[in-house]
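# What follows is a predicted structure for the sequence shown.
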Amino acid sequence: MASPPGSLVIKSILRQDWLGLLLVVVLAIAGLALSQPNFLSSFNIYVLLLGFSLSVLIALAQMVIIAIGQMNLSVGAIGGLAAISFAGLMEVVGLPVPLAALAGLAIGILCGCLNGWITHTTGLSAFIITLATLSIFKGLNLGITEAQPFYDIAPAVKAFGNARMGPIPVMLVAPVIAIIAVWVLMNRTVLGRQMLAVGGNPNAAELSGISIRRAVVAAHAISGLLAALAGMLAVARLQLGQPTIGDDWLIISFAAPVIGGAVLAGGHVSVIGTCLGVVIVTLINNALVLYGIDPFFVQLLLGALILAAVGINRYHEVQEQARRFA
Amino acid sequence: MSAAEKVLEIHRVSKAFPGVQALDHVDFELGTRQIHALMGENGAGKSTLIKILTGVHQQDTGTLKLRGGEVRFANPRAATVAGISAVHQERNLISRFSIGENIMLERLPAQRGFVDYRKVHAEARRWLDMLGLDLDPRMAVDRLSVAQIQLVEIAKALALEADILLMDEPTASITPYETDHLFALLRQLRDRGVALVFVSHKLEEVFELCDQITILRDGRIACPTRPLKGLNRGDIVRFMIGRDEQGARLGARRTDRDATPALALRGVASPLGHQDLTFDLYKGEILGLYGLVGSGRTELAKVLLGVHPPTAGEVQVEGETVRIKDAATALRRHRIGYVSEDRKAEGLILIHGVGRNIAMTIWSRLTGVLGLLRPGVEADTVMPHIDRLDIRTPSLGQTAMNLSGGNQQKVSVAKWLAAEVSILIIDEPTVGIDVRTKAYLHELIAELANEGRAILLISSDMPEMIALADRILIMQNFRLVGEVANDHDYGRMSEAIMAQIHRGEDEAVAAQ
C-alpha cells in the first residue's frame, strides 16, 4: 500500500469516476468552440453560466437525498413556494430584502424537515411522501398567488439578477458557495458520512450507533434549503415572483446526479460529477440553440442522456461482478 | 425396504465463491425409497450442494445425472420441472399471500386466466391435513409463527409431488410433536418411491429417520455415501469435525467471577417475546449463547442494543442499572458492540471502502477544527486494526463487497475494536468462512477476551461453541433453559447441551 505521495495524488485523481465526464465536457466545449464562433462570445458564456447557476442548485438539492437512498419529488415545489414567498413578502408585507431572503430559506428548510420527519416517522417511501408534499406545497403556492406573479420585485434583487462582470453573472456566487459547502458536507463532515452510511446500508448504520432520523431529517432540510435558494435565484433572474417557478425542475434534478455517477440506491454520490452533469446538460441546451434546433427536443435528449448514464453505470456494475466471480 | 434404484448421481462437483471453495470434487448418490442424510458442520457445503441440485447455483465443474441422463439446471424452475423440490434453509414464502396461494404458487389452478381460489384452498387444505396442520389456507402467511411457517414451506414442497425431495434443516424451528408428524409422512413418501435428502444437525433425528448417509467437511467428502447402519454417533461426529476434540489448545481463561459483572440481566423480558432472562457476563469471559434457529438469540442481541428495549426486568452495565434506548447509547455510553450474524445486511456498507466501514463507529471522535474530518485521520486510525487483524485489502478505499467473506468478517470485527468497546456481542462469527480464517477468528475472539473484554458469543456451530466459550447458556423459545460449564470436551459437552435442549422441548410440550 506504500507509494510516494505524488503518484498517490495522481492515482487518486485517475480513480475518480468523474474523469470520463470531464473528458466529455472538454471535448464538447472544444467541438462547439470550433464549429460555432458565437459559442465563446461573452454573452453566450454569460447565458451558459446563468443556466448552470440555477440547475446546479436544483441538482444538488436532489443529490443529497439520493445520498441517503431516497428521492425528493418536491424539490421544484419547495423552490416554487420559497420563490413566491420571497417575492410576496417583499411586495405585500414590505419586508426588506435580507429578511425576505432569510424567510425564503427558512421556508425551504421547514418544508424539507417536514419531508424528512414524515418519511422517517411513518417508515413510508420518500417517493410517495414527497409526491404528496409536492402537491401540498404547490397548492399553497397557487392558493397564495392565485396563479398570478408578484411583479413588484425590489430593485436590489433585480440588480443582483442582472449584474455581470464581463461574461460572469454575479449570481454565480450563490451556487459556487453551495457547491463548496455541499462538497465539504459530503467529504469532510461526520453528518455527511452518516448520511452516506444510512444510504449505503441503513441496518448497518443503525447498529453502528448512527441515528437514522438525524441523517434523514438533515438531508431533507439541506435539500429544502438548496431548493429554496434555487427558487429565489430564479426570482432574481426572471425579475418576477412567478408561481410556475420549479415546475420543470424534476428531470434536471435527477439527470445531473445520475450522469455524475450517483448510485440511486443510495450511499454514493459525487458533487463534482453532479456539477459536470449539469455542465453537460447546459451545453446540450446551448448547442441546440446555437444550431437553431427546436428547443422542444431538449426533453427528448435529456431523457436519452439519463438512459445512457444509468446504462453505463449498470454496465460497469455487471462487469465488476463478472470480474469478481471469475 | 425394497430395492433402491439410483435416481440421482453427482460426480466430482466443485463450486467456488469468492474466497471460499464451497464444494471440492464432491460425489453423492441418491436412490429411490431412501431417506438420505446429508451431514456436516456449518460451512461444510451442504446448503451449496442442495442449491446446485435445485438450480439456485450452478456447479463450476463436475456432472449431475438424473435417472442416468446428464442434466444441468439453469434455474430453480428447471429443477422443479425435472421433479426435484426442496425446503430451503431460508424462508421463501410471500408474506402477504395466503397460505394456500403460497403452497400452490408454482401451479395456481386457473380458469380462463382467472385464479380459481376455491380450488387453491381446497388443494392446499389437502397438504396441510397431511402434515396434521390445522390452519385455514386463506390466512395470510405473515400471521403465522416461525414453526407454522416452516411447516407451510414443507407443505409447499410436498405439493409439487416431486420424486426427489430435498430438505435443508426442516426441523430447525418446529416442536417434537410436529417433527413426529413430519417424519411419519416422510416415511410414507419413501415407501411410495420418493427419494429424500434430509439435512439436519440433530443426530437423534438422523438415526431415527435415515437409511443412507453422506458426510461433508470443508467442502469435501468426509464419508462417502453408505448405509447408516453400522455407524454410531461418535463416528459421525468424528467425520464431521475431523477430530475428536477441538479447541483445548486455545487455553483456558481465568475469569474473576467475584468482580462486578460487565453485563448483568435480571428477569429481562422483551417485546420480541423473551421471558425472565437472568445471567451475568464478566470481564475477560466468553459466555456462549447456544440455541436452535429461532430460539431468540440474535433477537436478544437486538434487545441489549436498544433496537427493541426491554419491557421488564433490569439490565446492568458495570453494576449500574441502565436503560439502553438505541444502538448509539449502547455504543457511546455503555461501550457495547455487536458483530452481526449477517455481515452483508447488517454489518457492512458494501459499496463503501474498508477504511470507512471500520471508522463508521468513531467518526464523531475523529473530527478536528470546525468539526471537520481531516483527510488522513481516518486512515491513521484504522491502519493499526487492519494490521492487527491481518485484513487483506489492496487499499483502504477498496469497497467491502470486493473482499472475501473472511476479510469482510474481520472488517466487521475491526470496527468495534476501533470503537474500543468493552462488551462485544458476536453473532455467528464464522458462517460461510473458510477453515483457515475460521481458526484465525477463533484465536482472535479468545484474545479479545484475554485482553479483558466481556464477550457474548452466539453460535449454532457446536464445535465452535465448545472450543471458545467458558460457560454456555442454552436458549429455547426466548427463554434460558440451562447453563453448562464448558470443559471443552466435545463428546461430553455436546451431549450435555443436547440434553438441556431436549429437556426444554419436553417442558414446552408439557406446558402446551
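Happy to help now that I have it.
# for the closest residue to chain A within the stretch 151-300 of chain B, phi and psi?
Scanning the stretch 151-300 of chain B for proximity to chain A using C-beta to the nearest C-beta identifies B:T298 as nearest, at 11.6 Å. (Each C-beta comes from the backbone N, C-alpha and C, glycine too.) Dihedral angles of B:T298 (phi, psi; degrees, to the nearest 10) stand at phi -60, psi -40.
# Check the gap between the residue in the stretch 401-512 of chain B positioned nearest to chain A and B:R392 for me.
Nearest residue of the stretch 401-512 of chain B to chain A (C-beta to the nearest C-beta) works out as B:N402 at 6.3 Å. To B:R392, B:N402 is 11 Å away according to C-beta to C-beta, to the nearest Å.
# quick one: B:G491 is in a strand?
No. The assignment for B:G491 (DSSP: H, G, I helix; E, B strand; the rest coil) gives helix, which keeps it out of a strand.
# neighbours around it, how many?
B:G491: 14 surrounding residues under other C-beta atoms under 10 Å in any protein chain shown.
# Residues of chain B that sit close to chain A?
B:18, B:305, B:307, B:326-328, B:330-332, B:338, B:340, B:345-352, B:356, B:360-361, B:363-364, B:367, B:371-373, B:375, B:394-397, B:401-402, B:415, B:419 (C-beta under 8 Å from any C-beta of the partner chain).
# hmm, which of the residues you listed are the buried ones?
Among the residues of chain B next to chain A, those classed as buried by neighbour count (16 or more other C-beta atoms under 10 Å in any protein chain shown) are B:305, B:307, B:326-328, B:330-331, B:338, B:340, B:346-352, B:356, B:360-361, B:363-364, B:372-373, B:396, B:401-402, B:415, B:419.
# Now do the same contact list for residue 179.
Because you didn't say which chain, this covers chain A. By C-beta atoms under 8 Å, 6 or more residues apart in numbering or on different chains, the residues touching A:I179 are A:V56, A:L60, A:V271, A:C275.
# try again with chain B
Here B:T179 is in contact with B:T171, B:E205 (criterion: C-beta under 8 Å, 6+ apart).
# check which helix or strand covers it.
helix B:176-191 (DSSP states H and E).
# Could you list the residues in contact with whichever helix or strand comes after that helix?
Downstream of helix B:176-191, the next assigned helix or strand under DSSP H and E is strand B:195-199. For strand B:195-199, the external contacting residues (C-beta under 8 Å, 6+ apart) are B:7-8, B:30-39, B:46-47, B:50, B:53, B:163-170, B:186, B:189-190, B:205-206, B:209-210.
# So which residues of the stretch 101-250 of chain B form strands?
B:110-111, B:114-115, B:164-168, B:195-199, B:212-217, B:220-227 (DSSP state E, counting those that start in this stretch).
# give the contact list for A:W117.
Contact analysis of A:W117 by C-beta under 8 Å, 6+ apart lists A:V217, A:H220.
# Same check on the one 4 residues further on?
Remark: with contacts taken as C-beta under 8 Å, 6+ apart, A:T121 is in contact with nothing.
# Am I right that B:L186 is in contact with B:I35?
Yes. Between B:L186 and B:I35 a contact is recorded at 6.3 Å, counting by C-beta atoms under 8 Å.
# Give me the distance between the two termini of stretch B:169-176.
One end of stretch B:169-176 sits 14 Å from the other (C-alpha to C-alpha, to the nearest Å).
# typed the wrong thing, it's stretch B:155-163
By C-alpha to C-alpha, one end of stretch B:155-163 lies 15 Å from the other end.
# Mind exporting the C-alpha coordinates of stretch A:158-171 to PDB?
Provided in PDB are the C-alpha atoms of stretch A:158-171 (Å, rounded to 0.1, in the frame of the first residue of the first chain):
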ATOM      1  CA  LYS A 158     -33.300  42.900  -9.900                       C
ATOM      2  CA  ALA A 159     -29.900  44.400  -9.900                       C
ATOM      3  CA  PHE A 160     -28.400  41.300  -8.400                       C
ATOM      4  CA  GLY A 161     -30.100  39.200 -11.100                       C
ATOM      5  CA  ASN A 162     -28.800  41.400 -13.900                       C
ATOM      6  CA  ALA A 163     -25.300  42.200 -12.600                       C
ATOM      7  CA  ARG A 164     -22.400  40.700 -14.500                       C
ATOM      8  CA  MET A 165     -18.600  41.000 -14.500                       C
ATOM      9  CA  GLY A 166     -17.800  40.500 -18.200                       C
ATOM     10  CA  PRO A 167     -19.100  37.100 -19.000                       C
ATOM     11  CA  ILE A 168     -19.700  36.100 -15.400                       C
ATOM     12  CA  PRO A 169     -23.100  36.600 -13.800                       C
ATOM     13  CA  VAL A 170     -22.700  37.900 -10.200                       C
ATOM     14  CA  MET A 171     -25.400  35.500  -9.000                       C
END
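# Check what contacts that stretch and list those residues.
So stretch A:158-171 is in contact with A:42-43, A:45-46, A:49-50, A:53, A:233, A:235-239, going by C-beta under 8 Å, 6+ apart.
# what's around the nearest residue to A:T145 once chain neighbours are set aside, how many residues?
Leaving aside its sequence neighbours, A:T145 sits nearest to A:P243 (C-beta to C-beta, 6 or more residues apart in numbering or on different chains; 4.3 Å). Other residues within reach of A:P243, judged by other C-beta under 10 Å, total 22.
# looking at it, A:P243 is touching A:A77, isn't it?
No. Counting by C-beta under 8 Å, A:P243 sits too far from A:A77 to count as a contact (11.1 Å).
# How far away from the center of its chain is stretch B:219-231?
23 Å (C-alpha atoms, centre = their mean, to the nearest Å).
# swap in stretch A:302-311?
17 Å.
# hmm, back to that, what's the closest of the contacts of A:I179 to A:Y151?
A:V56 (27.6 Å; C-beta to C-beta).
# Nearest residue to residue 91 in space, ignoring adjacent ones along the chain?
No chain was given, so I picked chain A. A:D152 (4.1 Å).
# that's the wrong chain, I meant chain B
B:I149 is the one closest to B:R91 (C-beta to C-beta, 6+ apart), at 6.1 Å.
# just B:A82 next, same as before
Here the residue nearest B:A82, using C-beta to C-beta, 6+ apart, is B:L66, at 6.0 Å.
# For B:V115, list each beta-bridge partner.
B:A110 (DSSP bridges).
# right, and it touches B:L105 too?
No. With contact defined as C-beta under 8 Å, B:V115 and B:L105 do not form a contacting pair (10.7 Å).
# In chain B, where is pLDDT below threshold?
B:1-4, B:18-19, B:42-43, B:241-252, B:293, B:432, B:434-435, B:505-506, B:508-512 (pLDDT under 70).
# Next, the contact list for B:A74, please.
Neighbours of B:A74 in contact, by C-beta under 8 Å, 6+ apart: B:G55, B:Q58.
# For chain B, see how far away A:Y151 is.
Note on A:Y151: its distance to chain B, by C-beta to the nearest C-beta, to the nearest Å, is 42 Å.
# Please name the nearest non-neighbouring residue to that residue.
A:L240 (6.4 Å).
# Quick check: phi and psi at the one you found.
Dihedral pair for A:L240: phi -160, psi 140, per degrees, to the nearest 10.
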